[in-house]
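> Fold the following, please.
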Amino acid sequence: MTYQTEIAPPLLDVRDLCTEFGTDHGTVKAVNGVSFAINEGERVAIVGESGSGKSAMAMSILRLLAYPGRVTSGKVRLEGRDLCSLSERQLNSVRGREVGTVFQDPMSSLDPVMRISKQMIPPIMRSLRLSREKARAEAILWLDKVGIPDPERRLEAFPFEMSGGMRQRVMIAMALSCRPRLLIADEPTTALDVTIQAQIVEVMKTLTAETGTAMMFITHDLGLVARFADKVAVMYAGRIVEFGPVRDIFCAPAHPYTQSLLSTIPSTKALRHERLAQIPGMPPDMKSPPQGCAFRARCAAAVARCAQDAPELSPRGSGHIAACWQPKGLEGCKRTACESRPQHGGNRPPRERTMVEINRLTKHFSSPRLFSRGPAPVVRAVNGVTLRVQQGETLGIVGESGCGKSTVARLLLGLEQPTSGEIFIDGLAQMVFQDPSASFNPKMRIGAIIEEPLIVKSWGDKAARSARLRQLITQVGLEEAHLERYPSQLSGGQRQRVAVARALALDPSVIVADEPTSALDVSVRAQIINLLVDLKEELGIAFVFISHDLLTVRYIADRIAVMYLGEVVEYGPADQVFDQPAHPYTKALIEAVPLPDPVTEARRATRLLEGELPSPLNLPKGCAFASRCPIATDICRTEKPVLRHPMKTREAACHHVNSI
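You can find the predicted model right below:
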């Protein structure tokens, strides 16, 4: 199939790649005829929902598939050489040396009991044929290039002595230090804070531009794609359904699936009364792929031909191709692109009843010494936090990892006892966790999982509990048949809906949601956000919503508390905090958010937040943000600022609040 004419042969050329996974219940056709090319120095993003085949396709290139996965057909040519025809020994000379890899969780790739030097220097020696001394110098050079301070000392550190952002930088340095021609990065920034993510992306952009290394970047963060990629491949049901320049994909998407994905993203201009679009239905079961177009069951523009013939990729512009029988996808279709439901009720003022009141809350942890005697150092996780949440209000709490967000959540639920301060909750508080699978018993049916808190609290008799289960499962948008299934039989979004149903079982007045959407695809995230907003309006529940996804927080929250090193540094209405940030840290967070618009991203000046978070073991005397603040003065380093009111409805802890 010819879909692109190149003057020079591509660096990577993938043709009709097919990958299968054998299971007890049938063969999963994870990659089903994928073709694309990457040129030297190009950054190509691969996007799509979970199960679309993104990671399986990437791992197939180097045959890194775990059993029972296997490449069944296709060609993968790297600079003209077919990698599929190489032996395992020959591939080992390609892996690392010619093709580098960066995975989502660096701790799963780094040996926790080996120093960085022992993990980094030997591959450089083998790949570049250097002496140990020269390889060590090369390792230090690359650690410095990725922005690691004091690289000579950090080279001898263990992975557990570094932050998540530092470990990810080490992984990038390791991948690039062997000077590969191609870098494959699979969700390398998903678990990182927005500020660290911005730093990592800029590091990779700069280094790939300097070295000419091409990059395949797998992600579900479409804002990051707009900031980083040159081209985009959209995958669905094991196939590429659209491929082209990043501006074409975002500004003029041709495939209904691409159009639907983009419509689910909360924008910076989104209003809370505007409902987020949702893609109806679920991706197909790839053990038995449907005939015709795999997206037709979820597509508002589907016609009879879509059920019979699978469309091939065809030109939609210069270098832009899409697999759809409709020339303009969903454009001109009378039905909407995505599932439509009534709009939210708008910016209703919260009720006067206070559901959560936190006064001067502190939490300190003792950190025992491993190899020396003396008093145990104290980690000051939360330092004097004061917050209020009204009935029917959503308070968003944002900040980098280690700022104390999750500790506040655990204190609210009584999972930790405060060192000092007061917490008042009017009624019952319940929790929705980031990963529901970790809080579900996999051997229990969904009905038993939801019913468990009712049984523990001796709520009603069996008939009353059964009626309550049917009410709850319907309330979160699932069917009664789901009560008989096991967690493994549900999608990620369905499991999160079950987690919400369990939280609602005892009629709580407050729900604490700790990163409830961070692990979800953008399409599923929209469903969960809409569900939480619906429940808030219907039941008057107060929400404490903790997240590092600032666009989601802006959409869902009525008020926002910005935390830094255990303290609230800004607090106020969501729109005001985003549109006119009063604290330099808030401003830095917002500037680091990637916007789902490549035109805007190309015009934005990148202002990275330099430096590392101070240690909570040794808090600075003055402002904790002073070491990273672009407007810090002497008073910031010697005198601690307190929350004050730059506006009637807002508080900020900054000596220069009026000059921001």
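
> Do a quick rundown of the helices in the stretch 301-450 of the chain.
Using DSSP state H, counting those that start in this stretch, the helices of the stretch 301-450 of the chain run over residues 405-412, 446-456.

> Setting aside sequence neighbours, what's the nearest residue to the most centrally placed residue in the chain?
Note on the chain: the residue nearest the mean C-alpha position is residue 190, at 3.9 Å, using CA atoms, centre = their mean. Sequence neighbours aside, residue 104 is the residue nearest to residue 190 in space, at 5.5 Å (criterion: CB to CB, 6 or more residues apart in numbering). The C-beta positions use only the backbone N, C-alpha and C, and glycine is treated the same way.

> three-state assignment of the one you found?
Applying DSSP: H, G, I helix; E, B strand; the rest coil to residue 104 yields a three-state assignment of coil.

> Read off the pLDDT value for it.
You'll see residue 104 listed with a pLDDT of 74.

> same check, this time on residue 191
Predicted confidence (pLDDT) for residue 191: 64.

> For the stretch 451-600 of the chain, give me the ranges with low pLDDT.
When residues are selected by pLDDT under 70, none of them lie in the stretch 451-600 of the chain.

> Would you map the strands across it?
Assigned by DSSP state E, counting those that start in this stretch, the stretch 451-600 of the chain shows strands spanning 510-514, 542-546, 559-564, 567-573.

> For the longest one, name the packing helices and strands.
This means strand 567-573. Judged by 3 or more CB pairs under 8 Å, 6 or more residues apart in numbering; DSSP states H and E, strand 567-573 is in contact with strand 378-390, strand 559-564, helix 584-592, strand 650-652.

> now do the second one
Counting contacts by 3+ CB pairs under 8 Å, 6+ apart, strand 542-546 packs against strand 354-366, strand 378-390, strand 394-398, helix 405-412, strand 510-514, helix 522-539, helix 550-556.

> can you check the third one too?
Contact analysis of strand 559-564 by 3+ CB pairs under 8 Å, 6+ apart lists strand 394-398, strand 567-573, helix 574-579, helix 584-592 as its packing neighbours.

> Quick one: closest of those to residue 108.
Closest to residue 108 of the helices and strands packed on strand 559-564 is helix 584-592 (CB to CB; 25.4 Å).

> Direction-wise, compare that closest one with strand 567-573 and give the angle.
Angle of helix 584-592 versus strand 567-573, following axes from the mean of the first three to the mean of the last three CA atoms, to 10 degrees, is 70 degrees.

> re the thing from before, could I get the contacting residues of the residue nearest to the centre of the chain?
By CB atoms under 8 Å, 6 or more residues apart in numbering, the contact list for residue 190 reads 104, 219, 220, 221, 518, 519.

> could you redo the last one with a cut-off of 10 Å?
104, 105, 197, 218, 219, 220, 221, 224, 518, 519 (CB atoms under 10 Å, 6 or more residues apart in numbering).

> and the helices and strands packed on strand 542-546 as JSON lines, adding distance to residue 434?
Output for the helices and strands packed on strand 542-546, formatted as JSON lines (distance: least, CB to CB, whole Å):
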{"stretch": "strand 354-366", "distance to residue 434": "20"}
{"stretch": "strand 378-390", "distance to residue 434": "18"}
{"stretch": "strand 394-398", "distance to residue 434": "14"}
{"stretch": "helix 405-412", "distance to residue 434": "9"}
{"stretch": "strand 510-514", "distance to residue 434": "6"}
{"stretch": "helix 522-539", "distance to residue 434": "12"}
{"stretch": "helix 550-556", "distance to residue 434": "13"}
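
> and residue 608, which of those is closest to it?
Going by CB to CB, the one of those nearest residue 608 is helix 550-556, 16.0 Å.

> then the closest one to PDB, C-alphas only?
Taking C-alpha atoms only, helix 550-556 is exported to PDB below (Å, rounded to 0.1, in the frame of the first residue of the first chain):
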ATOM      1  CA  LEU A 550      -5.000  20.900  35.600                       C
ATOM      2  CA  LEU A 551      -7.400  21.000  32.600                       C
ATOM      3  CA  THR A 552      -9.600  18.500  34.200                       C
ATOM      4  CA  VAL A 553      -9.400  20.300  37.600                       C
ATOM      5  CA  ARG A 554     -10.300  23.600  35.900                       C
ATOM      6  CA  TYR A 555     -13.400  22.000  34.400                       C
ATOM      7  CA  ILE A 556     -14.700  20.100  37.300                       C
END
